[in-house]
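S.K.: with the input below, show me the fold.
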Amino acid sequence: MNLVELFIYPIKSCGKIPLNQAEVTLKGLAGDREFMWVDESGQFVTQRTYPQLTKIRVQQLENEIELSVDNQEIEPFKLQPTLTGTSKTVQVWRDQTVAIDQGDAVADWLQNALKQDEQPYFRLMRQSPDFIRPVDPNYAVNPNNQVSFADGYPCLLTNTASLAELNRKLKETYSTSSQEIPMNRFRPNIVIDTNQPFIEDNWKTILIGEVYFDLVKPCSRCIVTTTNQKSGERNELKEPLKTLATFRQQPRGVMFGFNMIPRNTGTIQVGDSVEVVEIL
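M.R.: Residues are numbered from 1 along each chain as shown. Below is the predicted model:
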């Protein structure tokens, strides 16, 4: 088994950046979900309610982050991230933490990019290094476990064989390949290549490169999986969530992929072997 793809999403719910190599920090891959959009009350904003956020492409430059939108007459925006802006309390699910406002210019750019002439008006916030957001204590391995602006856990792992099985069922249901989907619907950080679907359900600890990961909770899926990650359009048949629910429904939701917590920092890269250290 090998690691075949690595992704970070610098801005929560916006475009991905593929990597050949990543630094693993205690709160996930370096640069992943360090930023997020919030509404005027400080509530986090995602594709769940604004699927068009996926059309915001993100590119990391040397000291800047470039935002752009395909096929629109709007110039890309180069953001100079800051840790000296106005601090504000923000909400991510049940968590409250403090983040740093990235300024009016990027907020105005998003308003234009999304063609929103009226409210809501979103602000881009950066996670403050002075405030740790802890992992849910019900799943934390130790009290020091922390997370970025990801939904709840530092890293998300998916498996190529699981996607192949889902696409097989979709093709079987619709007698066509028209509903088959790419892995980007699940917005993973780490994609591994195996020949057994959902084999990770039985893992407790794995080693990738020089980093140990504890698999703490299967990932429950939502309407984002029905959103085309290029166009922002929702699938009218609610696929693949509808089909996934026929064979991956569990008490806490419809599951695909696994949430992980790194035990240590280090480097991982595409091609690394995946070693199962401990099973359930």
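
S.K.: quick one: the strands in the stretch 101-250 of the chain?
M.R.: All strands of the stretch 101-250 of the chain, identified by DSSP state E, counting those that start in this stretch, fall at 123-127, 155-159, 190-193, 203-208, 211-220, 249-250.

S.K.: give the helix, strand or coil label for Gln47.
M.R.: Assigned by DSSP: H, G, I helix; E, B strand; the rest coil, the conformation of Gln47 is coil.

S.K.: which residues does it contact?
M.R.: 13, 53-54, 224, 227, 232 (C-beta atoms under 8 Å, 6 or more residues apart in numbering). C-beta: built from backbone N, CA, C; applies to glycine.

S.K.: what comes up buried for stretch 98-106?
M.R.: For stretch 98-106, burial by neighbour count (16 or more other C-beta atoms under 10 Å) applies to 99-102, 106.

S.K.: next: stretch 24-35.
M.R.: Buried, per 16+ other C-beta under 10 Å, within stretch 24-35: 24-29, 31-35.

S.K.: and what of stretch 268-278?
M.R.: For stretch 268-278, by 16+ other C-beta under 10 Å, it's 268, 270, 272, 274.

S.K.: the last one sits in which helix or strand?
M.R.: Assigned by DSSP states H and E, Val274 falls within strand 274-279.

S.K.: now do that strand against strand 203-208, angle only.
M.R.: Here strand 274-279 points in a direction 150 degrees away from that of strand 203-208 (axes from the mean of the first three to the mean of the last three C-alpha atoms, to 10 degrees).

S.K.: and strand 274-279, which strands flank it?
M.R.: strand 203-208 (antiparallel) (DSSP bridges).

S.K.: what's in contact with stretch 61-76?
M.R.: 10-11, 14, 35, 55-60, 77-81, 106, 109-110, 112-113, 230.

S.K.: try stretch 84-100
M.R.: In contact with stretch 84-100 (C-beta under 8 Å, 6+ apart) are residues 36, 38, 41-44, 82-83, 101-103, 123, 125-128, 130-131, 133-134, 149, 151-152.

S.K.: contacts only, for Gln131.
M.R.: No Gln there; residue 131 is Phe. Contacts for Phe131 (C-beta under 8 Å, 6+ apart) come out as 97-98.

S.K.: let's see it at 10 Å
M.R.: Contacts for Phe131 were tallied using C-beta atoms under 10 Å, 6 or more residues apart in numbering; they are 87, 89-90, 96-100, 146.

S.K.: same thing with Val45?
M.R.: 12-13, 36-39, 53, 110, 120, 122-123.

S.K.: if you set the cut-off to 8 Å instead, what comes out?
M.R.: 13, 36-39, 53, 120, 122 are the contacts of Val45 under C-beta under 8 Å, 6+ apart.

S.K.: from those residues, list the buried ones, please.
M.R.: 13, 36-39, 53, 120, 122.

S.K.: out of those, which is nearest to Gln196?
M.R.: Here the nearest of these to Gln196, counting by C-beta to C-beta, is Ser13; it sits at 30.9 Å.

S.K.: for Glu34, give me its contacts.
M.R.: Contacts of Glu34 by C-beta under 8 Å, 6+ apart are 10, 81, 126-127, 148-149.

S.K.: at 7 Å instead, please
M.R.: Going by C-beta atoms under 7 Å, 6 or more residues apart in numbering, Glu34 touches 10, 126-127, 148-149.
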